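# Any chance you can model this:
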Amino acid sequence: MQDPTFEQFKTDALAQGFDEVLERQWAAGTVLDTHTHPFSVSARVVQGELQLTVGADTRRLQAGDTFTLARDTPHAEHYGDAGATYWVARRNTA
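Numbers count the residues shown, from 1 in each chain. A predicted model of the protein is given here:
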């Protein structure tokens, strides 16, 4: 199976009711302490690596991995030595 393009990711996300789709790039070693977002997300890592911590669970995510977060979920992010790029779909409405 071929990896999706950003346009395919965006089309699928909009069809699923997400209202904003963008690419996020993070510099190597960036750390975001525990925080929340006023939107839910569905994302796909396309380059690099990050560790996503939700509660006591930490996941190491690499290119091809996906993750979701519900609105207002406390989480922390730690980006790897090469940083990371991911595509993210956001649902800003409840």
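# Okay, buried residues for the helix or strand harbouring Gly80 please.
Under DSSP states H and E, the secondary-structure element containing Gly80 is strand 75-91. Counting neighbours by 16 or more other Cβ atoms under 10 Å, one finds that the buried residues in strand 75-91 are 75, 77-80, 83-91. No exception for glycine: its C-beta is placed from N, CA and C like everyone else's.
# what helices or strands is it leaning on?
In terms of contacts (3 or more Cβ pairs under 8 Å, 6 or more residues apart in numbering; DSSP states H and E), strand 75-91 is packed against helix 6-15, strand 20-26, strand 31-35, strand 40-54.
# pLDDT below threshold where in the protein?
Along the chain, the model assigns pLDDT under 70 to residues 1-2, 94.
# what's the most centrally placed residue in it in contact with, if anything?
If you average the C-alpha coordinates of the chain and look for the closest C-alpha using Cα atoms, centre = their mean, you land on Ala43, 3.8 Å from that point. Under the criterion of Cβ atoms under 8 Å, 6 or more residues apart in numbering, the neighbours of Ala43 are 66-68, 86-89.
# quick one on the thing from earlier: now the helices and strands packed on strand 75-91 in CSV, with distance to Arg60?
Converted to CSV, the helices and strands packed on strand 75-91 look like this (distance: least, Cβ to Cβ, whole Å):
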stretch, distance to Arg60
helix 6-15, 21
strand 20-26, 15
strand 31-35, 15
strand 40-54, 5
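# Having no further points to raise, I will conclude here.
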